[in-house]
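*Asks:* Could you work out the structure for the sequence below:
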Amino acid sequence: MNNREFAQLTQQSLVILDGATGSNLTKAGMPKGVSTECWVLEHADILMNLQKAYVEAGTQIVYAPTFAANRISLVNFNMADRVEELNTRLVDISRKAVGGRAYIAGDVTTTGKMMEPSGELSYEELLDAYKEQITALANAGVDLLVAETMMSVDEMMVALDAAQSVCDLPMMCSMTVEADGSGFFGGNAIEAMESLQEMGAAAVGINCSMGPDQMEAVVASMNKVARIPVIAKPNAGMPVINERGEAIYNMGASEFAKHMVTLVEAGAHVIGGCCGTDPEYIRMMVASLKR
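*Replies:* All right, here's what the predicted structure looks like:
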């Protein structure tokens, strides 16, 4: 897929993304503190069943479970030298899961470290880390790329720079924001749209952050300046932390679907779910939009 083909896809209709991965893996038994990427390799059937269910619910683009498979994040698990191997194997799991029934997006995310001058990470270090991971994803045969749950506009720009320097795959860019649309490490949702569409992003938006009932104003503001599709991939409401330190999401699938219709009316065009959602949320969202 290239940018022209992605644009054609979005012109035909709304584009349906998948729902959460991490929160569903936790429900399936993934313990805290482990490498999600390695756990998926050891429990591939769980991830495959989840992604199959998303496709059956109406998902058109499935995110490969390569979220933190970059060298900076993998240092925490002494696996910085396994970037190519991990990304290749994880994409293959998704390919087997979807069986050609959906596109596969190679997923990259924040390293969790701030860039200079606010933090210790240089532009070159972050660029090289993203270039390495994106090269592995492109070689593994993903259809497109997504930079999601990014903490600032700057790191999304670095990820897009990296992608454009190593391949011609379209990249969706999605930031996690405060309720007012500001990024946790800098910039805001409107600035993200204005800057990234100029750079050639395929779509720009927000994910995680909050529930769909709290996203309407941010999505509408982004849509006012957008020349490309707006992404909305919210959580199943705001989490409540229980006595075991677990995040509990209390918005049900029916209510989630109702609010997603409102987000589409506000201008969202590439839509899905993040933390706390599952295939039933996507199924009900698709059904509500058809009605």
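*Asks:* Residue 207 versus residue 176, what's the distance?
*Replies:* Noted for residue 176: a distance of 6 Å to residue 207, by C-beta to C-beta, to the nearest Å. C-beta: built from backbone N, CA, C; applies to glycine.
*Asks:* hang on, I meant residue 236
*Replies:* Distance, residue 236 to residue 207, by C-beta to C-beta: 13 Å.
*Asks:* pretty sure residue 248 is in a strand, no?
*Replies:* Yes. Residue 248: assigned to a strand according to DSSP: H, G, I helix; E, B strand; the rest coil.
*Asks:* Return the residues in contact with it.
*Replies:* Going by C-beta atoms under 8 Å, 6 or more residues apart in numbering, residue 248 touches 239-242.
*Asks:* Just say helix, strand or coil for the closest residue to residue 162 other than its chain neighbours.
*Replies:* Spatially, and ignoring its direct neighbours in sequence, residue 162 is nearest to residue 130 (3.6 Å; C-beta to C-beta, 6 or more residues apart in numbering). Here residue 130 is helix, with the state taken from three-state DSSP.
*Asks:* hey, where'd the helices end up in the chain?
*Replies:* 3-12, 22-27, 36-42, 44-57, 71-74, 83-98, 123-140, 153-166, 189-199, 216-225, 253-266, 279-290 (DSSP state H).
*Asks:* from the chain's centre, how far out does the last one sit?
*Replies:* This means helix 279-290. Here helix 279-290 shows a centroid-to-chain-centroid distance of 19 Å under the convention C-alpha atoms, centre = their mean, to the nearest Å.
*Asks:* May I see the buried residues of it?
*Replies:* Buried residues in helix 279-290, counted by 16 or more other C-beta atoms under 10 Å: 279-286, 288-289.
*Asks:* Does anything pack onto it? Which helices or strands?
*Replies:* strand 15-16, helix 44-57, helix 253-266 (3 or more C-beta pairs under 8 Å, 6 or more residues apart in numbering; DSSP states H and E).
*Asks:* May I see those organised as a markdown table, with distance to residue 200 added?
*Replies:* Formatted as a markdown table, the helices and strands packed on helix 279-290 follow (distance: least, C-beta to C-beta, whole Å):
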| stretch | distance to residue 200 |
| --- | --- |
| strand 15-16 | 18 |
| helix 44-57 | 28 |
| helix 253-266 | 25 |
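*Asks:* Pull up the pairing partners for the lowest-mean-pLDDT helix or strand in the chain, direction included.
*Replies:* In the chain, no helix or strand scores lower on mean pLDDT, DSSP states H and E than strand 239-241, which sits at a mean of 81. Here strand 239-241 has these sheet partners by DSSP bridges: strand 247-249 (antiparallel).
*Asks:* any idea how far the partner strand is from the chain center?
*Replies:* Computed by C-alpha atoms, centre = their mean, the chain-centroid distance of strand 247-249 equals 19 Å.
*Asks:* Now do residue 232, the pLDDT please.
*Replies:* Looking at residue 232, its pLDDT reads 98.
*Asks:* That one contacts residue 220, correct?
*Replies:* No. Counting by C-beta atoms under 8 Å, residue 232 does not reach residue 220; the two are 10.6 Å apart.
*Asks:* who's more crowded, these two?
*Replies:* Relative neighbour count places residue 232 above the other of residue 232 and residue 220, with 30 against 15, counting by other C-beta atoms under 10 Å.
*Asks:* before we move on, back to that, how close does the residue nearest to residue 162 sit to residue 149?
*Replies:* 14 Å.
*Asks:* who has more neighbours, the two?
*Replies:* residue 130 (26 against 22).
*Asks:* ok, that one to residue 270 distance?
*Replies:* From residue 130 to residue 270 the distance is 21 Å (C-beta to C-beta).
*Asks:* which residues does residue 233 contact?
*Replies:* 17, 148, 174, 205-208, 271-274.
*Asks:* Next: residue 104.
*Replies:* Listed by C-beta under 8 Å, 6+ apart, the contact partners of residue 104 are 61-62, 64, 91, 94-95, 98, 141-144.
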